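K.L.:
This is a predicted model, with the sequence first.
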Amino acid sequence: MPDPRSTVLVVFGTRPEAIKLFPVVRALAQMPGLRVRTCVTAQHRGLLDQVLGIAGLTPDVDLDLMEPGQSLDRLTARLLTGLGEVMDAERPARVIIQGDTATAMAGALAAYYRRLPVAHVEAGLRSGDIHHPWPEEVNRRIIAPIADLHFAPTATAAAALARENVTAGVHVTGNTVIDALHWTQGRIAGEPALAAGLDDVAARFAGRRVILVTTHRRENFGDGMSSIARAIARIADRPDVAVLFPVHPNPAVGPVMDAILGDRPNVARMAPLDYPHFVRALEMCHLALTDSGGVQEEAPALARPVLVMRETTERPEGVAAGTARLIGADEDRIVSEVFTLLDDTGAYAAMARAHNPYGDGHAAARIAGVIADAVGR
Ligand code: UDP
């Protein structure tokens, strides 16, 4: 029987959590004396499995809790009950969660109910508005007083925690997404076949500037989504651009895009890309147009300007550095911001600077070191 005092339980359920935690799981596995167990809730089944595959991760426990159309109430209740049972069975010394999902929030709460210490990876992100991003801003605020280790990606995130009187156990580590990005770039360099599924589209779009689009935020569902679709249609009317658009599986996205965009030779809409293909798409693109959190962090590391189709962001570092711009989801604004970057070389050059406000690619090793120390005490 392994010693439960050395067991850490890493809990996650969605694509961004998996991308940002696989480097941590790998780093923890290098720590002598630690027993690492992974539990996935599969809050997003297909997108999660894509990441598990490329990261070579086989979860020890799979709760398989995805259910089409389930309410946040039902999802949260099932997560809390399911994760509590896993914690009772695994009896870990510590629980590790990431980010801002229902899985992370329920994981923290289930651990708290068992008086288990919680480490929070990517702590301290705050937009200041509980309705944007919804419900993620409140998920993060629920986790903060529960966790005793807070891995803040940036000094800004640590300062946000300090404003909530959370100062003990805060470590500024960088964001593990940069670790994931570097690791994946290395994998693709050694094995280009991992991202070869974009060869055809790269050949088709040669000579045009590629705009990478992703959208899936709840705040943009409905009118926002139609407005984004109409903007993409106007952008794609230009013969010098092409649009690469992996479409999120949420039913609020695809049908709107089908109805408004129809078939256009220079718009490649496709199923969500696995991470190596998405990294290649980021490398191929001239700029990213997105409402994603992770893409805001990855694009600056690759010197790609990122236009963020949101009103607020809990990732202000890119905006402060001038490589990201908050533009909302208004059709005219999206078109004019994209056209400015396409037509004004000075404006483009000012945004297309490689910098890493979100980390140096060594966050996971720092996090694993702190966790190993905490578990060893
Ligand atoms: N991503 C991916 N394939 C795609 C679109 C995005 O692998 O087709 C990755 C992206 O690189 C980023 C993460 O998914 O690391 C972001 O996930 P998402 O936008 O779903 O969530 P958010 O970051 O907004 O929480």
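P.N.:
Cool, the structure landed.

K.L.:
use CA for all of it now, contacts and neighbours both
P.N.:
Noted.

K.L.:
hey, C-alpha coordinates of the longest helix anywhere in the chain in CSV?
P.N.:
Using DSSP state H to define each element, the chain has its longest helix at helix 72-90. Extracted C-alpha coordinates of helix 72-90, given in CSV (Å, rounded to 0.1, in the frame of the first residue of the first chain):
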residue,chain,number,x,y,z
LEU,A,72,-24.0,24.6,-14.3
ASP,A,73,-25.9,23.5,-11.2
ARG,A,74,-26.1,19.9,-12.3
LEU,A,75,-22.5,19.9,-13.5
THR,A,76,-21.2,21.4,-10.3
ALA,A,77,-23.2,19.0,-8.1
ARG,A,78,-21.9,16.0,-10.1
LEU,A,79,-18.4,17.3,-10.0
LEU,A,80,-18.5,17.9,-6.3
THR,A,81,-19.9,14.5,-5.5
GLY,A,82,-17.7,12.6,-8.0
LEU,A,83,-14.5,14.3,-6.9
GLY,A,84,-15.2,13.9,-3.3
GLU,A,85,-15.5,10.2,-3.8
VAL,A,86,-12.3,10.1,-5.6
MET,A,87,-10.5,12.0,-2.8
ASP,A,88,-12.0,9.5,-0.2
ALA,A,89,-10.6,6.6,-2.2
GLU,A,90,-7.2,8.1,-3.1
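
K.L.:
Show me what counts as buried in it.
P.N.:
By neighbour count with 16 or more other Cα atoms under 10 Å, helix 72-90 contains the buried residues 75-76, 78-80, 82-84, 86-87.

K.L.:
What is the nearest of those to residue 145?
P.N.:
Taking Cα to Cα as the measure, residue 145 lies nearest residue 80 of the buried residues of helix 72-90, at 17.6 Å.

K.L.:
that older thread, counting contacts, what elements does the longest helix of the chain pack onto?
P.N.:
helix 102-113 (3 or more Cα pairs under 8 Å, 6 or more residues apart in numbering; DSSP states H and E).

K.L.:
residues in contact with the helix it packs on?
P.N.:
With contact meaning Cα atoms under 8 Å, 6 or more residues apart in numbering, helix 102-113 is reached by 11-13, 41, 43, 72, 75-76, 79-81, 83-84, 87, 95, 97-98, 117-118, 136, 139-140, 142-143, 146-147.

K.L.:
Not counting the helix or strand following it itself, show me its contacts.
P.N.:
For helix 102-113, the following helix or strand on the C-terminal side (DSSP states H and E) is strand 118-121. For strand 118-121, the external contacting residues (Cα under 8 Å, 6+ apart) are 94-99, 108, 111-112, 143-144, 146-152, 371.

K.L.:
Might you specify the subset of these located within strands?
P.N.:
Among these, DSSP state E puts 94-98, 149-152 in strands.

K.L.:
ok, these vs the ligand, which is closest?
P.N.:
Using Cα to the nearest ligand atom, residue 98 is the member of those that lies nearest the ligand, at 10.7 Å.

K.L.:
Quick check: bridge partners of that closest one?
P.N.:
residue 121 (DSSP bridges).

K.L.:
interface residues of the stretch 101-250 of the chain facing the ligand?
P.N.:
Proximity of the stretch 101-250 of the chain to the ligand, by Cα under 6 Å from any ligand atom, involves residues residue 246.

K.L.:
What ranges does the stretch 101-250 of the chain have for its helices?
P.N.:
With DSSP state H, counting those that start in this stretch as the criterion, the stretch 101-250 of the chain has helices at 102-113, 136-146, 155-163, 176-190, 199-204, 223-236.

K.L.:
quick one, the first one and helix 72-90 angle?
P.N.:
Going back to what we said before, that points to helix 102-113. Per axes from the mean of the first three to the mean of the last three Cα atoms, to 10 degrees, the angle that helix 102-113 makes with helix 72-90 is 50 degrees.

K.L.:
Helix 102-113 to helix 136-146, inter-axis angle?
P.N.:
Using the same axes, to 10 degrees: helix 102-113 against helix 136-146 is 20 degrees.

K.L.:
Same check on the longest one?
P.N.:
With the same axes, to 10 degrees as the criterion, the two stretches helix 176-190 and helix 136-146 enclose an angle of 110 degrees.

K.L.:
which helices and strands does helix 176-190 pack with?
P.N.:
helix 15-29, helix 275-284, helix 293-301, helix 363-376.

K.L.:
so where is the protein shaky, pLDDT-wise?
P.N.:
1-4 (pLDDT under 70).

K.L.:
any residues touching stretch 220-240, and which ones?
P.N.:
For stretch 220-240, the external contacting residues (Cα under 8 Å, 6+ apart) are 207-209, 241-243, 252-253, 256-257, 260-261, 266-267, 329-332, 334-335, 338-339.

K.L.:
Can you pick out the ones from these that are in helices?
P.N.:
Judged by DSSP H, the subset of the contacts of stretch 220-240 located in helices is 256-257, 260-261, 331-332, 334-335, 338-339.

K.L.:
about what we covered before: can you lay out the buried residues of helix 72-90 as CSV showing distance to residue 295?
P.N.:
Shown next, in CSV, are those (distance: Cα to Cα, whole Å):
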residue, distance to residue 295
75, 26
76, 26
78, 29
79, 27
80, 29
82, 30
83, 29
84, 32
86, 32
87, 32
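
K.L.:
What is the most widely separated pair among those residues?
P.N.:
Using Cα to Cα, these span at most 17.9 Å, a distance reached by 75 and 87.

K.L.:
so who does residue 334 touch?
P.N.:
228, 231, 309, 327-328.

K.L.:
Name the nearest of these relative to the ligand.
P.N.:
Lowest distance from the ligand to those (Cα to the nearest ligand atom) belongs to residue 309, with 11.3 Å.

K.L.:
Quick one: neighbours of the closest one, just the number.
P.N.:
25 (other Cα atoms under 10 Å).

K.L.:
Could you measure from residue 153 over to residue 356?
P.N.:
To residue 356, residue 153 is 11 Å away according to Cα to Cα, to the nearest Å.
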